[in-house]
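Asks: Sequence first, predicted model second:
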Amino acid sequence: MPSTNTDPAGVQRSQPLYQPINTEKKRVAYFYDSDIGNYAYVTGHPMKPHRIRLAHSLVMNYNIYKHLEVYRAKPAVTAEMTQFHTDEYIEFLTKVTPDNMDSFMREQGKYNVGDDCPVFDGLFEFCGISAGGSMEGAARLNREKCDIAINWAGGLHHAKKSEASGFCYVNDIVLAILELLRFKKRVLYIDIDVHHGDGVEEAFYTTDRVMTVSFHKYGEYFPGTGELRDIGIGQGKYYAVNFPLRDGIDDVSYETIFEPVIDAVMKYYQPEAVVLQCGGDSLSGDRLGCFNLSMRGHANCVNFVRSFGLPTLVLGGGGYTMRNVARTWAYETGRLVGVEMDSVLPYNEYYDYYGPDYELDVRSSNMENANSIEYLEKIKIAVIENLKKTIPVPSVQMQDVPRQGLGMSDDQEDELNDMDEDDNKDVRMTQRQWERNVARQDEFEDSDDEDMAAANGVYKPNGRTRMSILDFPNPNADEDMEIDSGVATPARKPEDTAAADNDETMLDDTEVQEPNTEEVAAAVPNAKDDAIKIDDDGDVDMAEPEEKAAEPKIKTEDIEGESAAAPEKEKSPAAKPAETADTAEPAAETRAKSASPSDVAVKAKSPEVGTSTKEPEAADTPAAAADKETQEVTES
């Protein structure tokens with residue numbers, strides 16, 4: 001029997017949060033800095049770092065974090081950023097603020113800072129967090145500490161060597177690839193953002209050690225680069241791959257070009273590591289995008305790259321409809337750890353963002369696909385022909401790897417672990433231990449770290465979390481046997497089959513009304529008004545009357561009228577209570593409407609002492625029992 005846990009939003013969790021679908025185990029390092037959502041460009045700017053916080057909240061509340069190693073990377077510093085960017089440009093980023101930006105007017109024009117890339121509070125710190133996560137992820141891949149590294153705060157692919165562009169200031173992708181090249185001979189970069197990854201392509205345009213592959217909108221669109229004939233120059237000729245697309249490409253069309261091209265790249269280039277930029281502006285309905293990909297069509301690219309089993313760095317990028325980007329990145333995080341997440345969103349602190357459907361899904365629209373089959377085939381053939389001209393395995397001479405790399409060494413990490421234990425001797429599990437803990441998929445129940453999980457924004461559903469006897473009902477039980485579902489259901493008439501088939505018969509809280517004492521009294525004939533008592537919960541009090549209560553007066557003519565109407569039934573005393581079943585029906589319905597689910601559960605699970613355990617019939621209803629009692633008094 002599925003669990004009946006209920007989220008704080010009132011959503012019943014009839015299905016588990018996720019289902020394992022891939023048994024191939026991957027060590028996934030997940031980089032997130034809780035400060036990233038505190039930064040904001042300027043009012044009205046489409047780029048909102050808050051989307052990363054939304055995605056992280058879904059990852060936590062789907063319990064995907066249990067299969068991740070969560071890290072907060074050290075922000076990149078000036079010396080690390082200048083491995084690609086110029087010293088003057090990085091120095092400008094460290095100094096400029098909204099307060100002194102007027103004194104840097106000449107530099108703003110020189111470095112393209114102002115319009116698309118505004119100056120905002122904490123600009124350099126924001127760049128440091130973005131670049132630090134990507135570089136640390138590349139360093140852990142180099143040291144074989146993980147198989148996949150994720151940094152949704154990265155993927156800013158437009159930044160140039162000494163220029164900001166397209167909302168990007170520091171190109172974390174280039175810095176991460178440079179770190180990978182310390183140990184890897186060949187690195188493949190894949191870009192599924194709707195915009196061309198011009199900054200990364202430009203950085204490695206003349207080398208064969210990095211192949212850049214970009215699927216993007218081309219033609220009267222930012223940044224205006226990425227033509228099919230842009231294939232690299234010099235030693236890097238044929239190592240830049242561009243697939244220009246038109247508006248409205250959908251999942252099916254995208255899959256027919258993405259998988260064959262990437263398959264050919266893997267065959268001819270044979271990379272040792274992959275960097276995948278997952279820009280969310282290629283999703284349907286994006287504020288700045290013009291593609292028509294669904295969430296699963298976008299995630300199919302991530303899943304396909306994962307299937308090659310190479311060390312992979314997964315980064316964010318564009319995406320300007322926050323709720324869609326957060327859904328997609330959270331879903332792709334689940335696919336990277338090998339699970340399929342339930343479509344019903346769990347409750348989280350940003351639950352209202354996902355209304356009105358509250359589902360983990362981004363659907364395609366009816367947008368027209370301007371990419372004809374003939375056009376896509378023509379471009380695909382040209383791209384694969386260019387790939388055939390590359391040297392299968394570019395050779396790199398043996399050289400000494402620089403001793404000083406990014407990130408911490410094993411000795412430094414062990415030292416931090418020891419310090420953490422020494423500083424928290426009385427703590428059962430520290431924050432550092434909680435973030436690095438990876439749950440096994442074959443565990444029977446969750447760990448008891450609810451306090452730590454709550455401190456990190458994980459919302460647990462209300463209700464039962466352990467096994468219950470009600471989870472195993474008898475499949476051969478009588479269909480009429482009622483099993484308490486926690487919902488007040490009106491009594492059903494045998495002939496009313498239409499109402500039984502209607503799934504909308506469950507009552508909302510707004511439909512629950514206080515019972516009218518006069519109506520209840522009218523439904524139970526031959527009873528005084530003061531015999532009807534309403535308890536504190538609004539239910540009809542069916543307790544036995546006190547001994548001091550006066551006996552109700554019985555009118556002889558009523559009894560005689562009943563006898564005259566049914567002389568044959570009077571011969572059988574057992575049949576008399578059955579006559580009141582129809583008259584007791586309105587009372588049963590009134591009680592069902594006024595009863596709360598908790599009251600029904602208590603009454604169903606706790607029968608009164610002395611009651612029969614047989615299946616209740618119409619004559620066993622409380623109203624019929626009361627009528628039977630009055631008739632017994634009359635006969636006596």
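Replies: Structure's in. What do you need? Numbers count the residues shown, from 1 in each chain.
Asks: Every contact and neighbour count from this point should use C-alpha atoms.
Replies: Will do.
Asks: quick one, what contacts Glu91?
Replies: By Cα atoms under 8 Å, 6 or more residues apart in numbering, Glu91 lies in contact with Thr78.
Asks: For Phe308, the count of nearby residues, please.
Replies: 12 (other Cα atoms under 10 Å).
Asks: Which element, helix or strand, includes it?
Replies: Assigned by DSSP states H and E, Phe308 falls within no helix or strand.
Asks: Now do it against His157, distance only.
Replies: 24 Å (Cα to Cα, to the nearest Å).
Asks: show me where pLDDT drops low in the stretch 351-500 of the chain?
Replies: Across the stretch 351-500 of the chain, the ranges flagged by pLDDT under 70 are 392-409, 434, 436, 439-451, 453, 455, 459-500.
Asks: contacts for the longest strand belonging to the chain?
Replies: Longest strand of the chain, by residue count under DSSP state E: strand 210-217. Applying Cα under 8 Å, 6+ apart, the external contacts of strand 210-217 come out as 186-197, 200-201, 204, 226, 239-247, 290.
Asks: Which of those fall in helices?
Replies: Counting by DSSP state H, the contacts of strand 210-217 place Val200, Glu201 in helices.
Asks: Show me what stretch 194-205 is in contact with.
Replies: Outside stretch 194-205, the residues touching it (Cα under 8 Å, 6+ apart) are 157-161, 171, 173-174, 191, 210-212, 214-218, 221-226, 232-233, 236-237, 239-240, 279, 281-282, 289-291.
Asks: Report the buried members of those.
Replies: The neighbour-count test (16 or more other Cα atoms under 10 Å) marks 157-161, 171, 173-174, 191, 210-212, 214-218, 223, 225-226, 232, 236-237, 239-240, 279, 281-282, 289-291 as buried among the contacts of stretch 194-205.
Asks: one step back: let's see the longest strand of the chain as CSV, backbone CA atoms only.
Replies: C-alpha atoms of strand 210-217 as CSV (Å, rounded to 0.1, in the frame of the first residue of the first chain):
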residue,chain,number,x,y,z
VAL,A,210,40.0,21.1,-26.6
MET,A,211,37.1,20.5,-28.9
THR,A,212,34.1,22.8,-28.5
VAL,A,213,30.7,21.7,-29.7
SER,A,214,27.8,24.2,-29.6
PHE,A,215,24.1,23.7,-30.5
HIS,A,216,22.6,27.2,-30.7
LYS,A,217,20.3,29.6,-32.5
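Asks: Verify the stated contact: Met154 with Gly317.
Replies: Careful, residue 154 is Gly; it's not Met. Yes - counting by Cα atoms under 8 Å, Gly154 does reach Gly317; the two are 6.3 Å apart.
Asks: between those two, who's got more neighbours?
Replies: Gly154 (31 against 25).
Asks: helix or strand for the more buried one, which one?
Replies: Assigned by DSSP H and E, Gly154 belongs to neither a helix nor a strand.
Asks: again, but for Lys378
Replies: Assigned by DSSP H and E, Lys378 falls in helix 373-387.
Asks: in the stretch 201-350 of the chain, which spans are helices?
Replies: Under the criterion DSSP state H, counting those that start in this stretch, the stretch 201-350 of the chain contains helices at 251-269, 295-306, 322-336.
Asks: How about Lys74, nearest residue that isn't a chain neighbour?
Replies: Gly132 (5.8 Å; Cα to Cα, 6 or more residues apart in numbering).
Asks: So that neighbour: helix, strand or coil?
Replies: helix (DSSP: H, G, I helix; E, B strand; the rest coil).
Asks: Tell me the pLDDT of it.
Replies: Note on Gly132: pLDDT of 97.
Asks: There's contact between it and Thr78 in this structure, I believe.
Replies: No - with contact defined as Cα under 8 Å, Gly132 does not reach Thr78; the gap is 11.0 Å.
Asks: Now do the strands in this protein.
Replies: 5-6, 12-13, 18-20, 28-31, 69-71, 148-151, 187-191, 210-217, 240-245, 273-277, 312-315, 339-341, 533-534, 540-541.
Asks: right, so of these, which gets closest to Asn369?
Replies: strand 240-245 (10.3 Å; Cα to Cα).
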